[in-house]
Each structure stands twice: as structure tokens, then as C-alpha cells.
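Student: A structural model of the following input is requested.
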Amino acid sequence: MGVKKSLQQLINKGTARLKRGSLSRSLTNPTSLQSLKSRGIEWLYLIVFLLLTAGVLNAITNAGTPGINGQPIVPNPTIQNTTETFILLFGYLLGALGVYAFFLSGRQTIRARSAEMFFIFGIMLISIALVLGYYIVISK
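Tutor: Alright, predicted model coming up:
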């Protein structure tokens, strides 16, 4: 009986902690939903900008070119397929998240350890994005 009781107490503590968590409070807060609705056009703009930067139009216009769909990265500098577009999009997203982590590291003035963590995380993300970008450039 003692194991069952301690397990129930552990589960109750976990659910109480989840109920007090910031994610559940922000999802039930009506002002956060209004903020999401008002910033929807900004998110749509960012998504369209990243897709255009990654080369969606180039991939769509070159979709009928024979022999480009068998390779993830086409070794021709003027042709791009959809797989390469999404690889570039992933690299741009990693770089943008790295820059955002740098931004967060500058805003963390209370906890120095979290600022260092965001800074190192930003360096890692930007490094991965740069390696991915240079790999695509070398493959072209």
C-alpha cells in the first residue's frame, strides 16, 4: 500500500507543477491568444520571406528539368530542386535561431549562467548553419 500511495503523491505533485507552469497559464490567458492573432501577419511574413529566400520559386520553375530529382543537391549552380530548397530553409532557420539565442543571451541580466548557455547555444546553431551552407556551396 505504501508504494501505491507514494506513486499517487508523485503523480499529484507532477500534475500540480504542470498546472502552475507558464505554458498552461499562457495558453489559458486570453491576452496571449489576442497577441497571437495580432502577430499572425508577422509570422506569415517571416514564413513567406524564408521560403522565398530558400528558393521556392527557383525550385518550382526547375521542377520539370529532367535528372534533378534523383540528387538531394544538384551540382549545377543555376538549377535547384525542392530537396535542396528545404535543406537551405533548414539552414536559414538554424541561423535565425542562433541569432535569436544571441539576442536572449544579451537580455539575461539576472542569471549569468543562462546568458552563457544562450550564447553557447547560439554559437553552436550558427556554426551548424554555416557548415551546412558551405557544404551546399562546395557541392554546387
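
Student: please make it C-alpha for all contacts and neighbour counts, starting now.
Tutor: Fine.

Student: buried set for stretch 95-109?
Tutor: Within stretch 95-109, the residues scored as buried using 16 or more other CA atoms under 10 Å are 95-99, 101-102, 104-105.

Student: how far does that stretch sit from its chain's centre?
Tutor: Centroid displacement of stretch 95-109 relative to its chain, using CA atoms, centre = their mean, to the nearest Å, is 13 Å.

Student: run through who's touching it.
Tutor: 114-119, 121-126, 128-130 (CA atoms under 8 Å, 6 or more residues apart in numbering).

Student: can you do 10 Å?
Tutor: By CA atoms under 10 Å, 6 or more residues apart in numbering, the residues outside stretch 95-109 that reach it are 89-94, 111-130.

Student: could you do stretch 42-54 as well?
Tutor: Here stretch 42-54 makes contact (CA under 10 Å, 6+ apart) with 36-37, 39-41, 56-58, 82, 84-93.

Student: can you list which of the buried residues of stretch 95-109 are found in helices?
Tutor: Mapping those onto helices (DSSP state H) picks out 95-99, 101-102, 104-105.

Student: now do the helices in the chain.
Tutor: Going by DSSP H, the chain shows helices at 2-20, 22-28, 30-38, 40-54, 56-61, 82-107, 112-139.

Student: identify the residues contacting the residue nearest the centre of the chain.
Tutor: With distances taken as CA atoms, centre = their mean, the residue of the chain nearest its centroid is residue 93 (5.4 Å). Counting by CA under 10 Å, 6+ apart, residue 93 touches 50, 87, 99, 125-126, 129.
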